[in-house]
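Chemist: 3D, please:
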Amino acid sequence: MNHLGTLTLKTDRLTLRPFSLEDAPAMYKNWANDPKVTRFLTWQPHENAEATRNLLAGWISQYGQPNTYNWCIVPEDMQEPVGNISVVRMMDDTESAEIGYCLGPAYWNRGIMSEAFAAVIEFLFDRVGVNRICARHSVSNPASGMVMQKCGLQKEGLCRQSFRSSDGQLHDMALYALLREDFIRDSNESAAV
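Modeler: This is a model prediction of the structure:
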C-alpha cells in the first residue's frame, strides 16, 4: 500500500481536510456534545469545547504518521466542520481499512455522509491501494447502514452483542464491506452507461 496520510479531498459540496485546533468550538457545537450522535459510539458527549480541543490535539499529533486518515467534513456553503470520517483500523497485512464516521444531527438526511464516504472510498482504493473497505453499525442505527449501502458496501453478516455503546448497552453489529475489484467493476459499469 502507498500510505499518504490525511490529504485534503474535495467533492461537489464538501471539503474533507485534516482537523486543526481552531475546529474545536464548531466540532463541540455541531456534534461532539450531542447524545444523539454518541448514542451508538464508544465515547460520551463532550462536556465542553475544551474536552473537544484536547481530543483534537491528540488526533492532530497523529497526522505525522502516513497511515493516519482522519478527516473533518466541511460543507462548502458553511465553512465549518459538521462531522468527521476516519480510518479507525488499518490492517496492512490484508490491505484493509475499517471506516468510522459521525455527523451532527442538523445535517442528517442531506447526503453529506454518503458523499464524504464515497470520496474516502475512491481515495483509499485509487491512491492508497487498499483492497477492502469495511464498516460496522449498530442494528439499532439503520441510517448508518443506509450510508454504507449507498456507497456500494455489501452486508456480510451480523456480529451479535459485539459492541458496547457509550451508555453501556450491548448491540448487535451489522458488518458491510466493499472490495477493490467490485469498486472497479461498478465504476466501469457506471462509466459505460
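
Chemist: Can you point out the buried residues in the lowest-mean-pLDDT helix or strand in the chain?
Modeler: When the helices and strands of the chain are scored by mean pLDDT, DSSP states H and E, helix 180-192 comes last with a mean of 85. Residues of helix 180-192 classed as buried under the neighbour-count rule (16 or more other C-beta atoms under 10 Å) are 180, 183. For the C-beta atoms, the positions are set from N, CA and C on the backbone; glycine is no exception.

Chemist: Now it - C-alpha only, PDB.
Modeler: Output of helix 180-192 as PDB, limited to C-alpha atoms (Å, rounded to 0.1, in the frame of the first residue of the first chain):
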ATOM      1  CA  ARG A 180     -11.500  -3.000  -4.900                       C
ATOM      2  CA  GLU A 181     -12.500  -5.400  -7.700                       C
ATOM      3  CA  ASP A 182     -16.200  -4.700  -7.000                       C
ATOM      4  CA  PHE A 183     -15.500  -0.900  -6.900                       C
ATOM      5  CA  ILE A 184     -13.600  -1.000 -10.200                       C
ATOM      6  CA  ARG A 185     -16.300  -3.100 -11.800                       C
ATOM      7  CA  ASP A 186     -19.100  -0.900 -10.600                       C
ATOM      8  CA  SER A 187     -17.200   2.200 -11.700                       C
ATOM      9  CA  ASN A 188     -16.600   0.800 -15.200                       C
ATOM     10  CA  GLU A 189     -20.300  -0.100 -15.500                       C
ATOM     11  CA  SER A 190     -21.300   3.400 -14.400                       C
ATOM     12  CA  ALA A 191     -18.900   5.000 -16.900                       C
ATOM     13  CA  ALA A 192     -20.300   2.800 -19.700                       C
END
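
Chemist: quick thing: my sequence starts at 24, can you match it?
Modeler: All right, first residue 24 from here; so that's helix 203-215.

Chemist: what's in contact with that helix?
Modeler: With C-beta atoms under 8 Å, 6 or more residues apart in numbering as the contact definition, helix 203-215 has outside contacts at 144, 148, 153-155, 175, 177.

Chemist: try 10 Å this time
Modeler: For helix 203-215, contacts defined as C-beta atoms under 10 Å, 6 or more residues apart in numbering pick out 118, 144-145, 147-149, 152-156, 174-177, 201-202.

Chemist: And the strands in this structure?
Modeler: Assigned by DSSP state E, the chain shows strands spanning 32-33, 37-40, 93-98, 106-114, 119-126, 155-161, 177-187, 193-202.

Chemist: quick one: the fifth one to chain centroid distance?
Modeler: I take that to be strand 119-126. 4 Å (C-alpha atoms, centre = their mean, to the nearest Å).

Chemist: tell me what it is packed against?
Modeler: helix 58-61, strand 93-98, strand 106-114, helix 135-146, strand 155-161, helix 165-173, strand 193-202 (3 or more C-beta pairs under 10 Å, 6 or more residues apart in numbering; DSSP states H and E).
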